[in-house]
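# coords below, sequence missing:
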């Protein structure tokens, strides 16, 4: 499609020969107003519908017959509709009210230019020739019901905005009711018992459903307040410290959730993983069903019998290996 938005009437008149040649070769010749305008196009109307529009106070400014008993009309609102969204809404309302084509209601939609042929295959005549686009009326004046119609379109737009706002509020409240429990995430096999990953996944899940940050914080603190492991006494304190590290990382993600985008959250998680690596934190699986613990190890290495994991993945995958010094 070639757009000639800056052509004057003289340039168009001089180019009529070129337009006819392109039209004979199968090209469609369209026209539309340039920039913001005061017109709306209603497509696929019959002569009876146009008569009904005229009786209702919607006198067309231009009537074009694009094929036998099929018309396009342009209506002049009497004022330039600088708001493109409002101009589109007005065209949609006209099409809905008078049975026009809803797909041709954009504020900058093209109409066929009279004097050329309609090259649509389904519009061919019985002789297999394309029909000529004919100009029936060209009054140019605004229709009588323009003021009342535009006021009604404004009211409909306000009603739509109010309904969308109420729908958003109801969705937000329903999402808060549908927040899954933290224990469901901790027991989810996708996280392999890694409570740190489960905490962060639940924090993002709850924040995306509108749960306040303080409630998310309280839930994570409450879940990690009680001892989650039944191990020897001399190992309870280190594991609690590890739980606090996991909890803090999850809370940091929650705080970032309200101010950062998804890529930023992923970057924050990677930074936390790098900090764990620099501190030589080794994730080890202790007992089945009791989760994974994050325990700081000495530089001399980790015994092979502990089945070392590299950030939730087993050592034998080759992603990280720990050797004795």
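Received, thanks. Owing to the predicted nature of the structure, the values given are computational and were not obtained by experimental measurement.
# Please count neighbours and contacts with C-alpha atoms only from this point.
Noted.
# Okay, strands next: where are they in this structure?
All strands of the chain, identified by DSSP state E, fall at 30-31, 39-45, 62-67, 70-76, 111-112, 134-138, 281-285, 292-296, 308-310, 313-314.
# who touches the fourth one?
Outside strand 70-76, the residues within contact range by Cα atoms under 8 Å, 6 or more residues apart in numbering are 38-47, 58-66, 111, 140-143.
# same thing with the third one?
When contacts are taken as Cα under 8 Å, 6+ apart, the neighbours of strand 62-67 outside the stretch itself are 71-75, 112, 114, 118, 123, 131-140.
# Parallel or antiparallel, which strands does that strand pair with?
Strand 62-67 pairs in its sheet with strand 70-76 (antiparallel), strand 134-138 (antiparallel), by DSSP bridges.
# Buried residues, the shortest one. List them.
I take that to be strand 134-138. 134, 135 (16 or more other Cα atoms under 10 Å).
# and what of the longest one?
Using 16+ other Cα under 10 Å as the burial criterion, the residues of strand 70-76 that qualify are 71, 72, 73, 74, 75, 76.
# same deal with stretch 129-145?
In stretch 129-145, counting by 16+ other Cα under 10 Å, buried: 130, 131, 132, 133, 134, 135, 140, 142, 143, 144.
# just stretch 81-94 next, same as before
81, 86, 87, 88, 89, 90, 91, 92, 93, 94.
# if we can go back for a sec, what subset of the contacts of strand 70-76 is buried?
Judged by 16+ other Cα under 10 Å, buried ones among these: 38-46, 58-66, 111, 140, 142-143.
# how about residue 128, what does it touch?
Residue 128 neighbours (Cα under 8 Å, 6+ apart): none.
# Now the phi/psi pair for it, please.
In terms of degrees, to the nearest 10, the main-chain angles of residue 128 are phi 70, psi 10.
# Domain map for the chain?
9-151, 194-317 (automatic domain parsing).
# worst average pLDDT in these?
Mean pLDDT is lowest for domain 194-317 among the domains of the chain, at a mean of 55.
# those helices in the chain, which residues are they?
9-14, 16-24, 47-55, 84-98, 146-177, 182-186, 195-208, 213-225, 233-257, 262-278 (DSSP state H).
# picking up where we left off before, mind putting the buried residues of stretch 81-94 into CSV with distance to residue 14?
Output for the buried residues of stretch 81-94, formatted as CSV (distance: Cα to Cα, whole Å):
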residue, distance to residue 14
81, 31
86, 36
87, 32
88, 33
89, 36
90, 35
91, 32
92, 35
93, 38
94, 35
